[in-house]
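Undergrad: pasting the sequence and the predicted model now:
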Amino acid sequence: MTFLVAHPFFLSLLPLALAPVVFHLFFRIRRKAVAFSTFMFFQRIHPRLSARRKLRDWLILLLRTLAVALLLMALAGPLWTSAGHGGRTAAVLVLDNSASMSRRAESGELLIEAAKNAAEAALATLDPGDSAALVLTVRDPAAPEAGTLGRDRNALRASLKAVPPTEAAGNPADALRLALAQLATAPAARREIHVFTDLQENEWARPATAIAAPAGLAILFHRLVPGEPPPNATLLAVSLPHTRRLASRRLPLSVRVRAGGQPASFLLNWTEDGGRPGAVEVRLAADEEKAVILPLAPRAPGSYAVPVWISGDGFEGDNRAITAFDVWPSQAILFLGPRPAFGFLPAALAPGGNAALSGLTPVFADPAEATAALARTAPLLAVIPWTRLPAAGTLSDALKHYVQGGGRLLALPDPATSAPNPIPAWLGAEPGAVEAPSGGARLIPLDKDQPLFDSLRDPAGQVRLRQIQVRRFSPLAPAPGSIPLLGLEDGRALLTQRTEGAGRVFVCGLALDGAWSTWPLKPGFLPLVQHLALGDRSDPGVTPSIRAGDRFPVMPAGRGRLTADTVPPIQWQGDTTQIPVPSRSGVWTLECATGTIHVAVSADPGEGRFVELGNGPVPAAQGLPHTVETFHSARELAAKIRHTRQGTRLFHPLLIACLLAMLAESLLANPRIKGA
Amino acid sequence: MNAGPSQRLSAEMAERLRDFTLTVRRPVSGPRQGLHRSPAYGSSVEFAEYREYAPGDPPGSIDWAVYARSDKYMVRRYLEETNLRAWVMLDTSESLAFRQAGRLTKLDYAATLAAGLLLVLVNQGDSAALATFDSDLRVVLPGTTSHEGLVRHLAALDAVTPAGQGDIEHALSTLADRLESRSLVIVISDFLEPPEKILRGLWRLHHDRHSVIVLHVLDAGELTLGAEGAAELRELETGARMSLEADTLRTAYNREVQRYLEELRLGCGACLADYHLVDTRLPVEDHILKLA
C-alpha cells in the first residue's frame, strides 16, 4: 500500500499542527493567576473540577492539533493506492520460468504459457509512454534478454513468447533485486512489478534478505493455479562408485528416484558409450524412494557423459540428470614372487589372467627386480609375500617409496609359511606365529564402517560376509595408526590397513588359498580384494555436478564463452560476472582465459514437489510491499491492474475526520455542567 | 468623640454614629448599671414579677394593693438593667484580602465596621473589647468603656493585615473559654468555611448564654462569580491554583453560594444568633444602622 500526495507543500506545513499546543503553553506562562478568596464553592460543584479541567484542556489541544493536521493532510491531496499513481508507469514483468511452470493448469494449458498470456495482458494495460521490462526467475541463456526498461512493446512481446521452460529452480530474490534495480532509476511516478508464478514453495518460501523499495512501488503477484498434481517420478541423484574406473570393467551407476504422492511406473533411460541407449522399467509406490543400478560398461578409455532420464511420468521438469567422468585404460597388479605364493589372489583380481573382465592385468616379477618392475608397470597394487620382504633393505625402501607416491601394497604370508619372519615396521602390523586351531575359527569384520565392506552391505546397511572358516592364520599385532579390518571373534586382527604417505598398506595374516581358510571360495572374496586395488579412491576425472539453477562452482573473472549440449543448445559469451545460470540438464562448458570448466547439470528435483504458497505474504518478497492475487483470466487481470492504478482519494475522508475532530473539540470546549 | 485619628474611623463617621445604639436580644451581665436587660432582679423601673413575701424581704417592697385584693403578702420585683460586655471578633485571615466589586477589601471593610461598632458600644456606656483571629486568637484587647480606652482598640484595628488560614470554630471556642459572664459577641468574618464548622463555634457561645451577632462580610464578586472566560484562579489562603471556564460555572457557583448562605442563615437562627450579610459595596454605617 502506498500513499501519494498531490501537493506535498501542505505536508511540509504539518508541524503547524502543533501551534495550538505552543500557543497554549505560551499563554499559560504569560497568564497571571487571579486571586480568589476560596475554592470551596467550586469544590462543592465538583470535587475534581480542576483535574477534569486540565484533562479536558489537553484533550481539546489534542483535538485541535489533530484537526489542523487532518486539514493539512486533506489539502495535500493524498491518494491511497497499492502503488504509485499519476504520471508515467514503469513496470517490470517477472516471469517464473522455473521447471514447475511446465505443469499444466486446470485448463490443460502449460502454466508458463498461461503466465506469458497474463504478462501480455498486463503489458496491454500500459500507456504508450510507459516503460516495461521482462525479468526471468531463472536467468536462462536460451531466453532472450529483455531486462532493461523500454517502450518497445512488440520487442517485449516477442521476448516473452520466446521464453522456453527450464529444468531449474528459480531465484526469486535475484529476480526481484534485478527488477527493483531497473525501477529505482526509472523516471516514473508509478513503479510496478508484476510477478507471474505458481508460487511453488521450493523457491518462493525461501526468505530473502531485505531489499530497499523505491517510492511508489507496488508488487503484484499473479498466482497461477496448477491443476491436479500429475503422477510424477523425480530423478534425485546420479552417483558413481568411488573406485578407479577402468575400461572393459563394469561400472554400476546408482540412480536415486522417488515417486510423488501417487504410485509411479516409468522407464529409466540412459545413453551409454557412443550413444548406446539403455532403459529399465521402474515401479514405485507412492512416496517411495529407490536406488536403481544401471550397469554401464565403458569399453575404451576416455571421457564419458551419461545422461539419464525418466520417461512416462506426468511432469518433465525433474526428469533429467547427467554424469560425466573419465575412464582409465587397464591397470597392472604387480605380484612380487612366484604365482603359487599368492594362492587365489591373481585369479580373483584378474579372472582369466588378463584385463578382459576386470580391467586389471596381473604382472609377476622377482622381488629383486621390484624397483624396475614398479617403474615399468606403475601398478595399482603391489602384492608381496612376507618371506620375500626383509625388514629393511633396498626392496623395503623401493616399496615404501612406491606407497608414499600413491601406490598400494598388500603383504601376506606364503601358503607354505609355518613361522613368521620380521617384516618392515612401516607396514603397520607385526605378524605372530602361525596358528592352526582344531575346529578352526571364524573370520569377521572388525570395523564394519570401513568403505572396504560397502559392496557387501545389504539394503539395511549390514555387512554380509557369510560364514568364513579360518584353518590357519598368523595373528597380526597392529601398530598405532593401523586399522584392523578383518579378524577373529576373539578380536585378533587378520587384515590391517595403514595410510603411508599418499598410499596405503594392507597386511594380511592369511595366505589366500583353500588350506588357510574358506575365504577365497566365498562370494565376498572378489569384491573385497578388488576393493583393495581399486576402491576408496578420490581420483580426478569426475566432472563436478550441480543442479539446474545453481551458479557455477568456479567463476573466473574476465570474458567467457558458455556452451551446453542441451535442448535448445546454449551459446553465450560475455563478462563472467553476468553469466547466466545453467538452466537445463546437460554438460555445460565455460571457456575463459584461465581454462575450460565442465559442469554436469541435473534438473532440480525440488521442482517435482508440488507444494505452493497461498495468497498470503511471500517470504521471498519479505520487506517489500506486495499483494498476491489468484490469476483467473487475462481480462480480469487487466481490470484489476487498472483499478489498482486508480487508487482512493483521501481528501474527503480526511476532511470529514477533521470536521469530526473540530466537533469533538467544540463539545469538549463547551461542556454542560450538571445542573447548570 | 475624642478617640483621636484612626484610619478605620474617620471623624465624620464617628459623628454619624453618635446617636446610634446597639441592643441585644438576650439578657446580659454587666458590672455597672446600664441600658441592657440583666438576668438578675434589681431596682430598675422595669417590673418583672410578683413573689410571695419571705422573711428578710424589706417590708417596703410589699405591694399593699395586692394584699388588699388577695389577702396575701406579695412582693414586687423589678428587672435589673446593666451595661453590656461586648466582644468584637474580627477575622483577619488571608481570604479577607479579596476585593472585586467593593471599594475596600473585605478586611478593610470589616475593620471599619468593627471600629464603628466599638464606638457605638462605648458611646452607650457599654464595655467594648476587641479580638482578632485567623486560626486562633491573635490580638485580644479587654473591654473599655471610655473613649480614651478605645484609642488602643482603634490602633489595633489600624494595624491588622490579612494573614493565615481561618479556623472560626477554634477561635470562637477559645474566646468562649475566656468569657466569664454573659456577653455580646459580634463576629465579623467572611465565614468561608464549611457552615457546620462555623455553627459549632456559634453553638458553643449560645450554650454559654452569650448573645451573638454574626456579620458576614462578602464581596459582590464572591456572591456572584465575577471572573469571565477561561480563568486561572489562586486561592488566597492556600495558594492553590485552579483553571476553570467561569462562564460555564457561573450558574452552578451562584447556586452553591446561595445554598451556603441559606444554610448559614438557618443555622444562626437556630442558635439565636443575629445573622447579617454585609455587602462591601454599601456604606459601613448602613450595616450598623441595621443592628441598632
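TA: That came in fine, so what should we check first? In this text, all values refer to a predicted model and were calculated from it rather than measured experimentally.
Undergrad: what about residue A:477, how many neighbours?
TA: 14 (other Cβ atoms under 10 Å in any protein chain shown). The way it works is simple: take the backbone N, C-alpha and C, and place the C-beta from them, glycine included.
Undergrad: also residue A:17?
TA: By the criterion of other Cβ under 10 Å, residue A:17 has 18 neighbours.
Undergrad: which SS state does it fall under?
TA: Following DSSP: H, G, I helix; E, B strand; the rest coil, residue A:17 is assigned to helix.
Undergrad: okay, domains of chain B per the record?
TA: With domains defined by automatic domain parsing, chain B comprises B:11-27+B:83-291, B:34-82.
Undergrad: from those, which stretch is densest packed?
TA: For those, the largest average neighbour count (mean count of other Cβ atoms under 10 Å in any protein chain shown) is found in domain B:11-27+B:83-291, namely a mean of 19.
Undergrad: quick one: end-to-end distance for that one.
TA: 21 Å (Cα to Cα, to the nearest Å).
Undergrad: what mean pLDDT does that domain have?
TA: Across domain B:11-27+B:83-291, the average pLDDT comes to 87.
Undergrad: so what does residue A:45 look like in phi/psi?
TA: Main-chain torsions, residue A:45, degrees, to the nearest 10: phi -70, psi -50.
Undergrad: let me fix that, I meant to ask about residue A:21.
TA: Backbone torsions for residue A:21, taken as degrees, to the nearest 10, come to phi -70, psi -40.
Undergrad: what of the one 3 residues further on?
TA: According to degrees, to the nearest 10, the main-chain angles of residue A:24 amount to phi -60, psi -50.
Undergrad: what about the closest residue to it other than its chain neighbours, how many neighbours?
TA: The spatially closest residue to residue A:24, leaving aside those adjacent along the chain, is residue A:61, at 5.6 Å (Cβ to Cβ, 6 or more residues apart in numbering or on different chains). Residue A:61: 17 surrounding residues under other Cβ under 10 Å.
Undergrad: which SS state does residue B:267 fall under?
TA: Relying on three-state DSSP, one would call residue B:267 helix.
Undergrad: my read: it touches residue B:202, true?
TA: Yes. Residue B:267 is within contact range of residue B:202, at 7.2 Å (criterion: Cβ atoms under 8 Å).
Undergrad: check for me that residue B:182 belongs to a helix.
TA: No. According to three-state DSSP, the state of residue B:182 is coil, so it is not within a helix.
Undergrad: that one contacts residue B:209, correct?
TA: Yes. Counting by Cβ under 8 Å, residue B:209 is a contact partner of residue B:182 at 5.0 Å.
Undergrad: strands of the stretch 501-650 of chain A, start to end?
TA: A:503-508, A:545-547, A:559-564, A:570-575, A:586-592, A:595-602, A:626-630, A:648-649 (DSSP state E, counting those that start in this stretch).
Undergrad: which residues are contacting the longest one?
TA: Applying Cβ atoms under 8 Å, 6 or more residues apart in numbering or on different chains, the set of residues contacting strand A:595-602 from outside is A:235, A:237-238, A:305, A:320-324, A:543-548, A:552-554, A:556, A:564, A:582, A:584-590.
Undergrad: which among these end up buried?
TA: Buried subset of these (neighbour count, 16 or more other Cβ atoms under 10 Å in any protein chain shown): A:235, A:237-238, A:320-324, A:543, A:545-548, A:552, A:564, A:582, A:584-590.
Undergrad: report the contact partners of residue A:370.
TA: Counting by Cβ under 8 Å, 6+ apart, residue A:370 makes contact with A:336, A:382, A:384, A:395, A:398-399.
Undergrad: the residue most central in space within chain B and residue B:197, how far apart?
TA: Geometric centre of chain B, nearest residue: residue B:186, 1.3 Å, by Cα atoms, centre = their mean. For residue B:186, the distance to residue B:197 equals 19 Å [Cβ to Cβ, to the nearest Å].
Undergrad: quick one, helices of the stretch 1-150 of chain B?
TA: With helices called from DSSP state H, counting those that start in this stretch, the stretch 1-150 of chain B shows them at B:11-16, B:64-70, B:106-123, B:147-159.
Undergrad: chain A now?
TA: For chain A, the helices defined by DSSP state H occupy A:8-12, A:19-30, A:40-45, A:49-75, A:111-124, A:153-161, A:172-184, A:201-204, A:345-349, A:370-377, A:394-404, A:525-534, A:634-646, A:651-669.
Undergrad: quick one: the longest one to helix A:19-30, angle?
TA: Pointing back at helix A:49-75 there. 150 degrees (axes from the mean of the first three to the mean of the last three Cα atoms, to 10 degrees).
Undergrad: the last one too?
TA: For the pair helix A:651-669 and helix A:19-30, the angle between their directions (the same axes, to 10 degrees) equals 20 degrees.
Undergrad: by contact count, what packs against helix A:651-669?
TA: Helix A:651-669 makes packing contacts with helix A:49-75 when contacts are defined by 3 or more Cβ pairs under 8 Å, 6 or more residues apart in numbering or on different chains; DSSP states H and E.
Undergrad: hmm, back to that, I'd like the contacts of residue A:370 written out as TSV, with distance to chain B, neighbour count and pLDDT added.
TA: TSV is the format used below for these (distance: Cβ to the nearest Cβ, whole Å; neighbours: other Cβ atoms under 10 Å in any protein chain shown; pLDDT from 0 to 100):
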residue	distance to chain B	neighbour count	pLDDT
A:336	114	28	94
A:382	108	27	95
A:384	111	24	94
A:395	113	19	90
A:398	110	19	93
A:399	108	27	94
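Undergrad: for residue A:68, which non-adjacent residue is spatially closest?
TA: Counting by Cβ to Cβ, 6+ apart, the residue nearest residue A:68 is residue A:17, at 4.2 Å.
Undergrad: kindly report the same for residue A:171.
TA: That would be residue A:137: by Cβ to Cβ, 6+ apart, it lies 6.2 Å from residue A:171.
Undergrad: next: residue B:124.
TA: residue B:21 (5.2 Å).
Undergrad: just residue B:153 next, same as before
TA: In space, and not counting its chain neighbours, residue B:153 is closest to residue B:130: 4.6 Å by Cβ to Cβ, 6+ apart.
Undergrad: ok, that neighbour to chain A distance?
TA: For residue B:130, the distance to chain A (Cβ to the nearest Cβ, to the nearest Å) stands at 23 Å.
Undergrad: tell me what that residue is bridged to.
TA: Beta-bridge pairing for residue B:130 (DSSP bridges): residue B:88, residue B:141.
Undergrad: show the contacting residues for it.
TA: B:87-88, B:90, B:114, B:118, B:139-141, B:153, B:156-157.
Undergrad: and what of residue B:191?
TA: Residues near residue B:191 by Cβ under 8 Å, 6+ apart: B:91, B:168, B:198, B:214, B:216, B:264.
Undergrad: quick revisit: so for residue A:277, which of the helices of chain A sits nearest?
TA: Closest of the helices of chain A to residue A:277 is helix A:525-534, at 27.5 Å (criterion: Cβ to Cβ).
Undergrad: and that closest one, how far out from the chain middle?
TA: The chain centre lies 35 Å from the centre of helix A:525-534; the measure is Cα atoms, centre = their mean, to the nearest Å.
Undergrad: and stretch B:182-198, by the same measure?
TA: Stretch B:182-198 sits 9 Å away from the centroid of its parent chain (Cα atoms, centre = their mean).
Undergrad: show the end-to-end separation of it, please.
TA: End-to-end distance of stretch B:182-198 (Cα to Cα): 20 Å.
Undergrad: count residues in the vicinity of the closest residue to chain B within the stretch 351-500 of chain A, would you?
TA: Distances between the stretch 351-500 of chain A and chain B by Cβ to the nearest Cβ are smallest at residue A:461, namely 86.8 Å. For residue A:461, the count of nearby residues is 10 (other Cβ under 10 Å).
Undergrad: one more: residue A:534?
TA: 25.
Undergrad: hang on, it packs against residue A:251?
TA: No. Taking contacts as Cβ under 8 Å, residue A:534 lies outside contact range of residue A:251: 11.0 Å.
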